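K.L.:
Okay, predicted coordinates and the sequence, questions at the end:
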Amino acid sequence: MSELNKIALKIISNGKGILAADESNGTMTKRLSAVNIDSTPENRLTFRETIFSSDSMNECIGGVILYDETIKQITSSGKSIPDLISSSGAVPGIKVDTGAKPLANSFDEKITEGLDGLRERLKKYYELGARFTKWRGVYNISKKYPSKLAIHSNAEALARYSALVQECEMVPIVEPEVLMDGDHSSEICLTKTTEVIKKCFEKLILHKVDLSGMILKPNMILAGSQSKDKISNEEVSQKTIECLKNSVPIEVPGIAFLSGGQSELEATENLNLINKNNNTKFIMTYSYGRALQQSALKIWSKNIKDRVATQNTFNHRAKMCSLAAKGKWSIEIENK
Ligand code: 13P
């Protein structure tokens, strides 16, 4: 087993998943403004330190994705954030892309930037304690999109990023996110997501990325958020498995889904059914941002000094996600 494969398995095995706490300062400001909290470095640290100190970190969270600001912050007890995360047994990770910008010659689509100087930045993040990384490519669905240009260029960037990350002895999370915005059907989402993921693996293989030392972070197969085609959770799980079976090489150890705007409950229920129906050899778990932190953030905003209430809320959500990662979640346990 390679070192990278061992790190990947440590992050996603035994009902553990990833806490995606890598909101950029811009995104975090949106999340905090929505609950009437000022987005200062201190407030961002206090919320994240509260979450990372929760009991459920030990059994439910295998890895935490951090943002550049957070990985350098020092907690109230004097520990660094990566040390706090490692002390719970989880692996510290870091978002290394610098965001999605308009794609030249297809201005309504996006290309993710951040390759220039990446090798040097990766070395610094490794010294700060990171052992895995994330890069998000983003695609929108409409009649014309995603275009071949967006599919090729984002796959190329994801592959170049992954090769550099493995060279620096870290595990790349490859995140091609096909957005749920729009009125497309789940069938279209299935077709487009399959095409996007297949192209990513074509480029990953071209760039000689060790597929056993990476984690794929895809969207689930859903109907567009404005679509009339409402599909059941059972269908979501079946289409999602079909997509991954047809597009992911068997060397990949696991898949950690993004929640992508699903509610906490939907993201949990869908993951649970994916695991109940999982007839592949891939581990299927979570790499949720909003679907792990939304309720906890609301509770925290009522009294930012009440660590216990915030942690209780986070612990419940993390436990439900962990049960779903084993196919053992139920609505009765959820509401108990
Ligand atoms: P969500 O689960 O909120 O979609 O966030 C996951 C993530 O890391 C998006 O890049």
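P.N.:
Everything's here; your move.
K.L.:
so where do the strands sit in the stretch 201-336 of the chain?
P.N.:
Taking DSSP state E, counting those that start in this stretch as the criterion, the stretch 201-336 of the chain contains strands spanning 215-216, 254-257, 283-288.
K.L.:
Could I get these in CSV, plus columns for mean neighbour count, distance to the ligand and mean pLDDT?
P.N.:
Glycine gets a C-beta too; all of them are placed from N, C-alpha and C. Output for the strands of the stretch 201-336 of the chain, formatted as CSV (neighbours: other Cβ atoms under 10 Å; distance: least, Cβ to the nearest ligand atom, whole Å; pLDDT from 0 to 100):
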stretch, mean neighbour count, distance to the ligand, mean pLDDT
strand 215-216, 26, 12, 99
strand 254-257, 24, 8, 98
strand 283-288, 26, 4, 98
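K.L.:
Can you say which of those strands is nearest to Leu323?
P.N.:
strand 283-288 (11.0 Å; Cβ to Cβ).
K.L.:
So Glu167 sits against Arg119, correct?
P.N.:
Yes: taking Cβ atoms under 8 Å as the definition, Glu167 is a contact partner of Arg119 at 7.3 Å.
K.L.:
related to what we said a few turns ago, out of the strands of the stretch 201-336 of the chain, which gets nearest to Pro172?
P.N.:
With Cβ to Cβ as the criterion, Pro172 lies closest to strand 215-216 of those, at 7.7 Å.
K.L.:
For the closest one, name the packing helices and strands.
P.N.:
On a contact count with 3 or more Cβ pairs under 8 Å, 6 or more residues apart in numbering; DSSP states H and E, strand 215-216 meets helix 3-12, strand 171-178, strand 254-257.
K.L.:
Output the shortest one in PDB with nothing but the alpha carbons.
P.N.:
So that's strand 254-257. Presented in PDB, the C-alpha positions along strand 254-257 are these (Å, rounded to 0.1, in the frame of the first residue of the first chain):
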ATOM      1  CA  GLY A 254     -13.200   6.300  -2.500                       C
ATOM      2  CA  ILE A 255     -15.700   9.000  -3.200                       C
ATOM      3  CA  ALA A 256     -16.600  11.800  -0.900                       C
ATOM      4  CA  PHE A 257     -19.700  13.700  -2.100                       C
END
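K.L.:
give me every residue that touches the residue of the stretch 101-250 of the chain found nearest the ligand.
P.N.:
Going by Cβ to the nearest ligand atom, the ligand is nearest to Arg136 of the stretch 101-250 of the chain, at 4.5 Å. Taking Cβ atoms under 8 Å, 6 or more residues apart in numbering as the criterion, Arg136 is in contact with Lys95, Asp97, Ala100, Thr112, Glu175, Glu177, Lys217.
K.L.:
Can I get those residues in CSV including neighbour count?
P.N.:
Formatted as CSV, these follow (neighbours: other Cβ atoms under 10 Å):
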residue, neighbour count
Lys95, 26
Asp97, 21
Ala100, 18
Thr112, 22
Glu175, 25
Glu177, 19
Lys217, 24
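K.L.:
among those, which two are most distant?
P.N.:
For the contacts of Arg136, the farthest-apart pair by Cβ to Cβ is Ala100 and Lys217; their separation is 15.0 Å.
K.L.:
what does the stretch 151-300 of the chain put close to the ligand?
P.N.:
Where the stretch 151-300 of the chain comes near the ligand, counting by Cβ under 6 Å from any ligand atom, the residues are Glu175, Leu258, Ser259, Gly260, Tyr288, Gly289, Arg290, Ala291.
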